[in-house]
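Visitor: requesting a structural model of the entry that follows:
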Amino acid sequence: MQPLHILLLIAAYFGILLLISYFTGKNAGNEAFFKANRQSPWYIVAFGMIGASLSGVTFISVPGWIEASQFSYMQVVLGYILGYTVIGTILLPLYYRLNLTSIYTYLDGRFGNYSYKTGASFFLLSRVVGASFRLFLVANVLQSILFDALGVPFWVTVIITILLIWLYTFKSGIKTIVWTDTLQTLFMLIAVGVAIYYVSDDLGINGSNLLGYVLESDLSKMFFFDDFKSGNYFWKQFLSGAFIAIVMTGLDQDMMQKNLTCRSLKDAQKNMFWFTIVLTIVNFIFLGLGLLLTQYASQNGIEAHKDQLFPVIATQSGLGFGIAIFFVLGLIAAAYSSADSALTSLTTSFSIDIMDIEKKYTPSDQVKTRKKIHILFSLILVLVIISFKYIIKDESVIAKLFVFAGYTYGPLLGLYAFGLFTKLKVMDKLVPIVAVLSPILSYIISVNSAAWFGFEFGFFILILNGFLTFLGLVLIRRK
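Guide: Below you'll find the predicted structure:
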């Protein structure tokens with residue numbers, strides 16, 4: 001696959017996104033940018049959320065997990081179903097009843113301004129680091145397969161990437177993203193389908209026998225009940241999956257902003273219901289692809305593992321031009337379907353939660369301020385991604401930063417659980433202290449848990465983090 005082919009593909013891809021932005025951005029103000037005028041069809045939102053949920057990390061990483069973890073990830077995915085049920089029946093009715101633009105406004109009414117700013121700040125921190133990490137991984141892949149050959153330095157690649165996202169989101173934000181995410185999800189799923197076709201055909205697996213081949217393989221073991229101390233123990237992963245879904249979708253401005261563009265609560269709940277079904281199936285398909293890739297690598301003597309498995313086989317194994325071109329297309333789609341909505345949600349949260357533009361600015365100044373904030377966060381993402389490449393460099397450290405960003409959802413889990421399931425008041429000024437201490441204590445316990453307790457927390461650390469936050473709020477309750 002020649003660099004020129006990739007360049008033309010990227011140009012055509014972003015040309016389509018800019019065209020969508022042009023049609024959705026006509027006469028768009030802040031109401032369109034933040035809420036899409038509450039006119040989004042629920043089925044479009046549901047389909048588009050698939051791509052945003054999976055991201056470039058999932059596109060590259062999940063197929064590479066099979067060799068070491070088999071299908072144990074499906075235990076987490078089954079937990080998602082419980083989590084999405086909680087979102088649809090508890091959180092969405094709350095958000096629609098309060099008519100929220102930013103979901104963290106709830107914390108202001110329930111606890112006070114310090115709690116409100118704390119919740120929003122933790123989201124902003126987590127989303128900046130998380131989005132930067134996802135884009136860093138994809139930018140690295142694009143750099144190696146395209147821009148190095150063209151003599152383009154990494155920092156220029158990053159600037160171009162963020163500039164393109166800014167161009168198609170700056171006018172109407174979430175209104176555009178609802179539609180671009182749908183297109184990007186479609187491209188990503190087509191890419192996975194094409195990869196499965198090429199690899200299974202080379203392995204000599206008939207299409208009608210494909211599911212049976214996957215299920216009969218030793219690599220497709222899905223449930224692990226043997227060792228409760230292990231990180232892949234069923235109940236540990238199932239419950240973790242439920243809480244991951246609640247916090248990383250239900251308590252995440254990025255994901256909920258899409259739901260809040262639906263015309264009514266009923267539509268938003270239908271969106272969540274069908275999104276859950278499709279996401280479960282799609283994750284199984286990704287794992288199935290990973291199994292086929294693992295078998296293909298083993299039979300052909302390809303030394304590629306984990307995050308390198310899918311990229312190496314798609315672009316260097318000689319399977320053909322088709323799988324390579326669709327891999328690149330799927331990778332770009334998976335990355336930008338999460339990055340564009342991240343940029344929009346960061347702009348929304350900072351505008352509403354930190355700058356309070358709806359109360360402090362005139363309508364015309366609100367639009368001007370929002371546009372400046374959009375540019376600000378575009379620059380922040382550029383600087384953070386470049387710092388990963390040139391300043392931090394150590395990939396293990398960068399990966400730990402991404403994991404630690406996940407710890408910031410624990411305080412949100414504790415705050416919302418305390419707010420929804422108790423009637424207690426708290427000393428609002430002390431909430432930031434509790435929110436900072438909880439992830440620090442969780443991290444200390446997590447890294448020492450194997451030595452102290454002979455127990456691996458794995459994804460379960462989120463529940464510990466939320467519990468410590470909840471406990472801290474009990475300790476600072478107002479009597």
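Visitor: next one: phi and psi at residue 300?
Guide: The phi/psi pair for residue 300 (degrees, to the nearest 10) reads phi -110, psi 10.
Visitor: next up, the contacts around it.
Guide: By C-beta atoms under 8 Å, 6 or more residues apart in numbering, the residues touching residue 300 are residue 317. The way it works is simple: take the backbone N, C-alpha and C, and place the C-beta from them, glycine included.
Visitor: that one and residue 330: what is the separation?
Guide: Counting by C-beta to C-beta, to the nearest Å, the gap from residue 300 to residue 330 is 22 Å.
Visitor: after the lengthiest helix in the chain comes which helix or strand?
Guide: As assigned by DSSP state H, the longest helix anywhere in the chain is helix 265-299. Next in sequence after helix 265-299, counting helices and strands by DSSP states H and E, comes helix 309-316.
Visitor: export that following helix to CSV, keeping only CA atoms.
Guide: Output of helix 309-316 as CSV, limited to C-alpha atoms (Å, rounded to 0.1, in the frame of the first residue of the first chain):
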residue,chain,number,x,y,z
LEU,A,309,-1.3,-7.8,15.7
PHE,A,310,-4.0,-6.2,13.7
PRO,A,311,-1.9,-3.4,12.1
VAL,A,312,0.9,-5.8,11.0
ILE,A,313,-1.4,-8.4,9.5
ALA,A,314,-3.5,-5.8,7.7
THR,A,315,-0.7,-3.8,6.2
GLN,A,316,2.3,-6.1,5.9
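Visitor: ok so, going back, other SSEs contacting the longest helix of the chain?
Guide: On a contact count with 3 or more C-beta pairs under 8 Å, 6 or more residues apart in numbering; DSSP states H and E, helix 265-299 meets helix 42-61, helix 66-69, helix 73-86, helix 92-97, helix 174-202, helix 210-216, helix 253-259, helix 309-316.
Visitor: deepest-packed of those helices, please.
Guide: helix 253-259 (a mean of 25; mean count of other C-beta atoms under 10 Å).
Visitor: point me to the residue sitting closest to the centre of the chain.
Guide: Centroid check for the chain by C-alpha atoms, centre = their mean gives residue 53 as the closest residue, at 4.7 Å.
Visitor: in contact with that residue, which residues?
Guide: For residue 53, counting by C-beta under 8 Å, 6+ apart, the contacting residues are 249, 255, 279, 338.
Visitor: now swap in residue 417 and tell me
Guide: 466, 470.
Visitor: that one is in what secondary structure piece?
Guide: Per DSSP H and E, the secondary structure element for residue 417 is helix 409-421.
Visitor: need the next SSE after that helix, C-terminal direction.
Guide: Going down the chain from helix 409-421, the next helix or strand is helix 431-453, by DSSP H and E.
Visitor: what residues of that next one count as buried?
Guide: Residues 431, 432, 434, 435, 438, 439, 441, 442, 443, 445, 446, 449 are the ones in helix 431-453 that count as buried (16 or more other C-beta atoms under 10 Å).
Visitor: leaving out the residues flanking it, which one is nearest to the fourth one?
Guide: To tie it back to what came earlier, the one meant is residue 435. In space, and not counting its chain neighbours, residue 435 is closest to residue 411: 3.9 Å by C-beta to C-beta, 6 or more residues apart in numbering.
Visitor: same thing with the third one?
Guide: Spatially, and ignoring its direct neighbours in sequence, residue 434 is nearest to residue 472 (3.5 Å; C-beta to C-beta, 6+ apart).
Visitor: tell me which element that neighbour is part of?
Guide: helix 461-475.
Visitor: angle of that helix against helix 431-453?
Guide: 130 degrees (axes from the mean of the first three to the mean of the last three C-alpha atoms, to 10 degrees).
Visitor: packing partners for helix 461-475?
Guide: Applying 3+ C-beta pairs under 8 Å, 6+ apart, one finds that helix 461-475 contacts helix 234-245, helix 395-407, helix 409-421, helix 431-453.
Visitor: for the residue nearest to residue 435, what are its contacts?
Guide: Counting by C-beta under 8 Å, 6+ apart, residue 411 touches 118, 119, 122, 434, 435, 438, 439, 465, 466, 469.
Visitor: picking up where we left off before, buried residues, the longest helix of the chain. List them.
Guide: If you call a residue buried by 16+ other C-beta under 10 Å, then helix 265-299 has these buried ones: 265, 267-272, 274-276, 278-280, 282-297.
Visitor: ok, back up a step: just want the angle from the helix holding residue 417 to helix 461-475.
Guide: Using the same axes, to 10 degrees: helix 409-421 against helix 461-475 is 50 degrees.
Visitor: just how off-centre is helix 409-421 within its chain?
Guide: In this view, helix 409-421 has its centroid 20 Å away from the chain centroid, taken as C-alpha atoms, centre = their mean, to the nearest Å.
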